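> Sequence and computational prediction follow.
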Amino acid sequence: MFLASSLGNSLRKSFQTVATRSFSNTRSAFGLAKYEVPEHVIVPERQFQAPSLKGNNIMEVIKREGVERADIDKRSRMFRANGKDRVRPGSVLLVETYNAKSKDAVSSFMGVLIAIRRKGIDSSITLRNIILKVGVEQRFSIYSPLVKSIQVLKEGEGFRRAKLYYLRNQPGKAFKLKGLRRRSTERLGN
């Protein structure tokens, strides 16, 4: 019994050494140690810089780069958590969106900003307006390529909450938005 187990161990060790030696020498035996790229092959250049991982999570770096790439007209400054020129809940916004990828037809929605969801590239805003006596809420992704522009028509004042969901039940506290759009287009036209 003892002889069979020691014989099995020695055979296993000898097989492992032979296998590792043969696998380690196969690259040099077949001439695969150095590979030259043929001239007719097109090698694409790097699109992105290699992220520096000094104390950073790789996913955080990727999210930050995604926001920087999608932030064409500096919307991140507008929806920052703290800053002088940030948009606050209660502000009246006008969002223009493309209806299709062709960018021929543009639709617009104006409403009171009742929520900002800050989640990197997936950040979104929720606007509420009353259209034909029916409350309408619409959520827009800030960095979506279908969003043409976001304009602030009136700054929000007097609201002390980050989420203004209570305006759903108290529509009298929301702004009267009827004449506001006409005034803003006249102001932009002059």
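Now that the structure is in, tell me what you want to look at. Numbers count the residues shown, from 1 in each chain.
> where does the residue nearest to the spatial centre of the chain fall, helix, sheet strand or coil?
Central residue of the chain (Cα atoms, centre = their mean): Ile121, 1.3 Å from the mean position. At Ile121 the chain is in helix, as set by DSSP: H, G, I helix; E, B strand; the rest coil.
> Give me the nearest residue to it, chain neighbours excluded.
Sequence neighbours aside, Gly66 is the residue nearest to Ile121 in space, at 4.3 Å (criterion: Cβ to Cβ, 6 or more residues apart in numbering). The way it works is simple: take the backbone N, C-alpha and C, and place the C-beta from them, glycine included.
> And the one you found, how far from Glu60?
Noted for Gly66: a distance of 11 Å to Glu60, by Cβ to Cβ, to the nearest Å.
> Likewise for Thr97?
Here Thr97 is placed at a distance of 29 Å from Glu60 (Cβ to Cβ).
> what about these two, which has more around it?
The neighbour count for Thr97 versus Glu60, taken as other Cβ atoms under 10 Å, is higher for Thr97 (18 against 11).
> for the protein, which spans come out with low pLDDT?
In the predicted model, the chain carries pLDDT under 70 at residues 1-33, 51-53, 55, 173-190.
> thinking again about what came up before, what about the residue nearest to the centre of the chain, distance to Lys54?
23 Å.
> Now tell me what touches the strand ranked longest in the chain from outside.
Longest strand of the chain, by residue count under DSSP state E: strand 106-117. Defining contact as Cβ atoms under 8 Å, 6 or more residues apart in numbering, one finds that strand 106-117 is touched by 79, 87-99, 123-129, 136-138, 140, 148, 153, 156, 162-165, 167, 174-175, 177, 180-181.
> Those, buried ones only, as a ChimeraX selection?
Buried subset of the contacts of strand 106-117, written as a ChimeraX selection, criterion 16 or more other Cβ atoms under 10 Å:
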select :79,87,89,90,91,92,93,94,95,97,98,123,124,125,126,127,128,129,140,153,156,164,167,174,175,177
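> The contacts of strand 106-117 in strands, which ones?
92-98, 124-129, 136-138, 140, 148, 153.
> helix/strand/coil for Glu60?
Criterion first, three-state DSSP; result for Glu60: helix.
> Look up how far Ile121 lies from it.
As judged by Cβ to Cβ, Glu60 and Ile121 stand 12 Å apart.
> just to revisit the earlier point, the longest strand of the chain vs strand 92-98, what angle?
Angle of strand 106-117 versus strand 92-98, following axes from the mean of the first three to the mean of the last three Cα atoms, to 10 degrees, is 130 degrees.
> Right, I'll call it a day here.
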